[in-house]
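Colleague: generate coordinates for the sequence data below:
(one chain, ligands or ions: 1)
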Amino acid sequence: MTELSKAAIEAQLETVQDRYLEKDLVSTKALKAIDITDGKVFLRVELGYPAGSYRDELKKEIETLVSAIDGVSSVEAVIEQRVAAHAVQKSLKRIEGIKNIIAVASGKGGVGKSTTSANLALALASDGASVGILDADIYGPSQPRMLGISGTPESKDGTTLEPMQNHNLKAMSIGFLVEEDTPMIWRGPMVTQALEQLLKDTNWGELDYLIVDLPPGTGDTQLTLSQKIPVSGAVIVTTPQDIALLDARKGLAMFEKVEVPVLGVVENMSIHICSECGHAEHIFGQGGGEKMSSEYDVDFLGALPLDINIREHADNGNPSLVSDPDGKISDMYRDISRKMSARLAEKSKDYTAKFPNIVIQNT
Ligand SMILES: Nc1ncnc2c1ncn2[C@@H]1O[C@H](COP(=O)(O)OP(=O)(O)OP(=O)(O)O)[C@@H](O)[C@H]1O
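Modeller: Here you go, the predicted structure:
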C-alpha cells in the first residue's frame, strides 16, 4: 500500500469545484488544513461567504471523493464560513461594525430593485449571515411594507436610532420616520444628507452585510450616493427590455466611475410562466441581461421569473424567502445571493484597521 500523502488529497480536492465561485477548492485557498493520522483524514475548508445548506453538500462531496483514495480509513471534512470585510472606495473609510455594504441599483424605476434587495438580504440571513437593509429609495420607500414593519424607530440617546427588526433582518428607512402618504419633495443635496445620516446614525451593531436599496436611476443623486457611502460592491437589477438594459449600462458606468466593483447583474421578470398551462414566455425579450454581462465583462448572477407569487409575497410583508423558504423561487434568490457574496469574497479585503494612521508632520 502506498503511503497516504497530503499531496494526494490535495490533488483530489483540485477536482472539487466551489459551485458559487466556479473554481476549485485549492486554487481559491478554501482548503485550510489537511491532517492525516494513521489513515484517518481531517480536512478544514473555509468559505468566504454564507453558504447555508451548500456546506452539507460540499462536505458529502469531499468526504466521498477523499475516502476513495488508497490508504484512507476515514474522512472528516469541516466546512466553515467566514465573511471578511472588503475594501471600499479609496477616499472613504468603512463604517465600524459593518463588514460590507452592498448597493443594489437599477437604471430605471419599477424593475423590481426593492423586491430583489429584500429577498437577497433575507437569503443571506437564511444562510447564516447577520444582515441589515437600508432603504435609500427616499422618493418611494417600500421596504417597510415589503418587510412587514410599521412603527417608528426608538432613540435611546436622542441622537442615534435603533434599527427596526423583522424576519431576522435589521432595517432602516425614511418610511419609518414620515407618514406613508406624506409627499416627499427632496432636492438632491437633501437626499444625500438625509441618507448619510440614516446610515451613520443607526445603531446597526455588527453586520456581515448591509444591503442598500438605492433610489432608481443613475442621476446626480445616485452618483453622489455611490461616492459617499463606503460600499464594497454593487449589484444591478434590470428587466430584459432594451430600454431597461440601456439604463442598466449607465449604472455600470456610474459604478466604474466611482471605482466600486460591480458584483454582477440580476435579470428580473425575465420569463413568464403561465399559472394555468405552464407555458413559458419571454414577455420582455430574451437573454438581454446575460448578453449585457458578457459585453461589459461583469458576472451574470441569475434571472428571476415574472411570477405572481413574488409580487404577492413582497406586497404583503413576507417576501418569498419568508413565505416559501423551501420553494423554487427562494432557491433562485439563494443561488444569486451566494454567487453575489462569493464574488465579493474574491475582492480585496479591507486592511485599514490593521494599520495605524500615519501622520507626517513638518517640524
Ligand atoms: N419577479 C417579479 N415577478 C412579479 N412581480 C414582481 C417581480 N419583481 C417585482 N415585482 C413587483 O413589481 C412591483 C415593483 O417592484 P419594486 O418595488 O421592487 O421595484 P423597484 O425597481 O424597487 O421600484 P422603484 O423604482 O419604485 O423603487 C412590485 O409590486 C413588486 O411586487
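Colleague: only C-alpha atoms for contact and neighbour calcs from this point on.
Modeller: Will do.
Colleague: okay, buried residues for the host helix or strand of residue 63 please.
Modeller: Applying DSSP states H and E as the criterion places residue 63 in helix 54-67. Neighbour-count burial for helix 54-67, counted by 16 or more other Cα atoms under 10 Å, picks out 54, 55, 58, 59, 62, 63, 66, 67.
Colleague: parallel or antiparallel, which strands does the helix or strand of the chain with the lowest mean pLDDT pair with?
Modeller: When each helix and strand of the chain is scored by mean pLDDT, DSSP states H and E, strand 280-281 comes last, with a mean of 76. If you go by DSSP bridges, strand 280-281 pairs up with strand 272-273 (antiparallel).
Colleague: any residues touching the least confident helix or strand of the chain, and which ones?
Modeller: With Cα atoms under 8 Å, 6 or more residues apart in numbering as the contact definition, strand 280-281 has outside contacts at 271, 272, 273, 274.
Colleague: again, 10 Å this time
Modeller: With Cα atoms under 10 Å, 6 or more residues apart in numbering as the test, strand 280-281 has contacts from 270, 271, 272, 273, 274, 305, 306.
Colleague: sorry, back to before: so what secondary structure elements neighbour the helix holding residue 63?
Modeller: Here helix 54-67 touches helix 6-13, strand 17-18, strand 40-47, strand 74-81, going by 3 or more Cα pairs under 10 Å, 6 or more residues apart in numbering; DSSP states H and E.
Colleague: now do it: everything it contacts.
Modeller: Outside of helix 54-67, the residues within contact range by Cα under 10 Å, 6+ apart are 8-13, 15-20, 39-47, 51, 72-81, 127, 338.
Colleague: please repeat the previous calculation with a cut-off of 7 Å.
Modeller: Helix 54-67 is contacted from outside by 9, 12, 74, 75, 76, 77, 79, using Cα atoms under 7 Å, 6 or more residues apart in numbering.
Colleague: surely the fourth one is in contact with residue 38?
Modeller: No - because the distance of 11.4 Å does not satisfy Cα atoms under 7 Å, residue 75 is recorded as not touching residue 38.
Colleague: out of these two, which sits in the busier spot?
Modeller: A count of neighbours by other Cα atoms under 10 Å puts residue 75 above the other of residue 75 and residue 38, at 20 against 11.
Colleague: ok, now which ones touch the more buried one?
Modeller: 40, 41, 42, 63, 66, 67.
Colleague: closest one to the ligand out of these, please.
Modeller: The shortest approach to the ligand among the contacts of residue 75 belongs to residue 63, at 37.7 Å (Cα to the nearest ligand atom).
Colleague: which residue packs closest to residue 174, ignoring adjacent ones?
Modeller: residue 138 (6.3 Å; Cα to Cα, 6 or more residues apart in numbering).
Colleague: can you get me a residue count around that neighbour?
Modeller: By other Cα under 10 Å, 21 other residues sit near residue 138.
Colleague: now do the host helix or strand of residue 195: which elements does it pack against?
Modeller: Using DSSP H and E, residue 195 sits within helix 188-200. Helix 188-200 is packed against helix 220-228, with contacts defined by 3 or more Cα pairs under 7 Å, 6 or more residues apart in numbering; DSSP states H and E.
Colleague: so is the helix it packs on next to the ligand?
Modeller: No - using Cα under 6 Å from any ligand atom, helix 220-228 stays clear of the ligand, coming no nearer than 12.6 Å.
Colleague: what parts of the stretch 101-250 of the chain come near the ligand?
Modeller: 109, 110, 111, 112, 113, 114, 115, 140, 216.
Colleague: could you redo the last one with a cut-off of 8 Å?
Modeller: 106, 108-117, 137, 140-142, 213-216, 237 (Cα under 8 Å from any ligand atom).
Colleague: so which residues of the protein form helices?
Modeller: In the chain, the segments counted as helices under DSSP state H are 6-13, 54-67, 113-126, 143-146, 188-200, 220-228, 242-257, 288-296, 308-315, 320-323, 328-345.
Colleague: what are the structural domain limits within this structure?
Modeller: Per automatic domain parsing, the structural domains of the chain span 6-81, 98-345.
Colleague: could the ones you listed be laid out in JSON lines, adding distance to residue 91?
Modeller: Listed next are the domains of the chain as JSON lines, based on distance: least, Cα to Cα, whole Å:
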{"stretch": "domain 6-81", "distance to residue 91": "25"}
{"stretch": "domain 98-345", "distance to residue 91": "9"}
